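Undergrad: Can you look at this prediction? I've put the sequence above it.
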Amino acid sequence: MKMLIVDDEIQIRTGLQEGMNWESLGLDEVYIADNGVTALQLFKQYNPEIIITDIRMPRMDGLALIKSVRDLSSSCKFIILSGYSEFEYVKEALQYGVIDYELKPVNIKRLLNLVKKAIETIEKEKSQANWFQEYWSDRLVRDIVNNTFTETPNMLEMLTHSIKWKPGIPLRICYLQGDAVLGDVLTHHQERIQQLLNREAHKIPGMIHRLSPRDYMLIMNSDNRVFELEKWWKQVQAVLLEHCHISMTIGISNEEEVAHLPRLYEQALEAIQLRLYGGPRAMYYYYEVPDRKEVRSRTYTPPEDELSRGFHEPSFASLQSCIDREFDVFLQERNRLLGEVRGICRQYAWIAEQELKRMPCVSIQPNHAEWNRDHSLEQIESIEGFRSYVLHLYRIAYEQVQNGQPLPNMKGVAKAISYMYDHFHEDISVKEVAAYIQQSPNYFSHKFKQEMGVSYTAFLNRIRIEEASRQLQAKSTAALYEISWNVGFRDYKYFTQVFKKQKGVSPSEYQRKGFGHPDI
């Protein structure tokens, strides 16, 4: 908190500034001025919360100073120093919200009590203002999300205070979203993320509200030009990466009047779904969203007959070609939403399951992990990720059909390997896999190396690196550290070491030079 002492007598102003322990009251900065003109300049520069001022001074007296400051701030608190002959001035000054006055010569004890009274008043008002701000901002967001928003004086006052909004100025809503794969990280750091986003939002100005650990809404006035918003977003990304090691994607609405805030929210939601095609960490605008009237009129059906025939071809190439063709169309059209594509992937899984059920030598249960991967699907948010999911699923199913291997009845190491393929993107340990196949960790480790010729860790790393190389070969828009996380490595440095050991080059060089297709 800051205070300004204004008096034309040097002994009084310097004595009060230097002779008191103001820091003990929470006053970190105490400024002095010898007249009202200088004091007004200091107020504009430093915005002190408390002003102690004399009445009679050259150039601008205390009463004129109080009137001028009150035009700039309704919250600044004044304490007047006056003589007996100046009481008429004091009575007039009291009309402007002066805390109290102290007659000269100054009684230090009484003056200290007046300053304490001013501080208590300020803190009480701040507490009330914070409550008002928090209550109405929460209600505003709830009404926007539920499409029940109506303009009320309190709502508009809160917007005016929070984002310097004025009637007639259009607004934007932005939807900020962290990557699903970083769910635990986003939850762990949610308070810190909120603090960082609040700090950055004030620069726009805008107000941030957390909808969930990974979802945030930003309401801002649209005085900012697009290039300024893009510059701001780059700064936000840098701050989040530095302090929380995360990145976010942002969907941005059009500009409209305050009455249309719910519509702006829906626009921001649609805009952020473009990450499905363009990848994470980018800015997406609502005007980029394609017209979805055509896609609403038709239902997608996977080419079931072609897929069924592909399971009996001599190589996996025909299945891969079919799946790639379908997902290339999705990329080209760019008009399906995230939930739709998840549903399409479940259709592909069902087709593969039905094909396996038709094989007399293969027994597969519908609840088997390979065919019940909704948790994995919920973490995928890009077309390339969904393509990878379907190809991985079909490769395993194809190998079962070709080999006639009954997956649910697998024992020992074979069952463990299936589990590793299912969960390689998670932080799975030897202990966890051994428990899954009901063996002790030591016995499992010994049997695994005996049958596979390599250790559990080496084999798991091979699965992960092959998947990482596939994503790099597919020219994924994800950052290298995100690919590292997506395939199960929680330490990026270790990921690069293992990758270079297996592939002979670093991940960045592999991506840049475009090496051959991975084996898995």
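TA: Done, it's in.
Undergrad: Just list the residues touching Y300, thanks.
TA: Counting by C-beta atoms under 8 Å, 6 or more residues apart in numbering, Y300 touches R336, E340, I344. C-betas here are computed from N, CA, C, even on glycine.
Undergrad: Got a ChimeraX select line for the buried ones in the residues you listed?
TA: In ChimeraX, a selection of the buried entries from the contacts of Y300 looks like this (16 or more other C-beta atoms under 10 Å):
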select :336,340,344
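Undergrad: Put together CSV for the contacts of Y300, with secondary structure, distance to P302 and pLDDT on each row.
TA: Putting these into CSV (DSSP: H, G, I helix; E, B strand; the rest coil; distance: C-beta to C-beta, whole Å; pLDDT from 0 to 100) gives the following:
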residue, secondary structure, distance to P302, pLDDT
R336, coil, 13, 84
E340, helix, 13, 87
I344, helix, 7, 91
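Undergrad: tell me the domain boundaries of the protein?
TA: According to automatic domain parsing, the chain comprises the domains 2-125, 149-289, 291-409, 415-520.
Undergrad: the helices in the stretch 1-150 of the chain, which residues?
TA: Applying DSSP state H, counting those that start in this stretch to the stretch 1-150 of the chain gives helices spanning 10-18, 36-46, 62-72, 87-94, 108-145.
Undergrad: How about the stretch 201-350 of the chain?
TA: Counting by DSSP H, counting those that start in this stretch, the helices of the stretch 201-350 of the chain are 226-244, 261-272, 275-278, 293-296, 304-310, 317-333, 338-357.
Undergrad: rank these by pLDDT, which is bottom?
TA: When the helices of the stretch 201-350 of the chain are ranked by mean pLDDT, helix 293-296 comes last with a mean of 54.
Undergrad: remind me which residues of the stretch 301-450 of the chain are low pLDDT?
TA: Along the stretch 301-450 of the chain, segments meeting pLDDT under 70 span 359-376, 404-411, 414.
Undergrad: can we see that at 80?
TA: 357-379, 403-415, 417-419, 421-422, 450 (pLDDT under 80).
Undergrad: Can you add distance to R142 and give the domains of the chain back as JSON lines?
TA: Shown next, in JSON lines, are the domains of the chain (distance: least, C-beta to C-beta, whole Å):
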{"stretch": "domain 2-125", "distance to R142": "26"}
{"stretch": "domain 149-289", "distance to R142": "9"}
{"stretch": "domain 291-409", "distance to R142": "23"}
{"stretch": "domain 415-520", "distance to R142": "32"}
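Undergrad: Out of those domains, flag the one nearest Q133.
TA: domain 149-289 (6.1 Å; C-beta to C-beta).
Undergrad: mind listing what Y492 touches?
TA: Residues in contact with Y492 (C-beta under 8 Å, 6+ apart) are L480, Y481, S484.
Undergrad: ok, E313 - how many residues close by?
TA: 12 (other C-beta atoms under 10 Å).
Undergrad: cool, and A349?
TA: 21.
Undergrad: isn't it right next to L393, touching?
TA: Yes: applying C-beta atoms under 8 Å, one finds A349 in contact with L393, separated by 5.9 Å.
Undergrad: neighbours around the closest residue to K203 other than its chain neighbours, how many?
TA: Once flanking residues are discounted, K203 sits nearest to W232: 6.6 Å by C-beta to C-beta, 6 or more residues apart in numbering. For W232, the tally of surrounding residues (other C-beta under 10 Å) stands at 17.
Undergrad: unless I'm mixing things up, T150 is touching D143, no?
TA: Yes: judged on C-beta under 8 Å, T150 makes contact with D143 at a distance of 7.4 Å.
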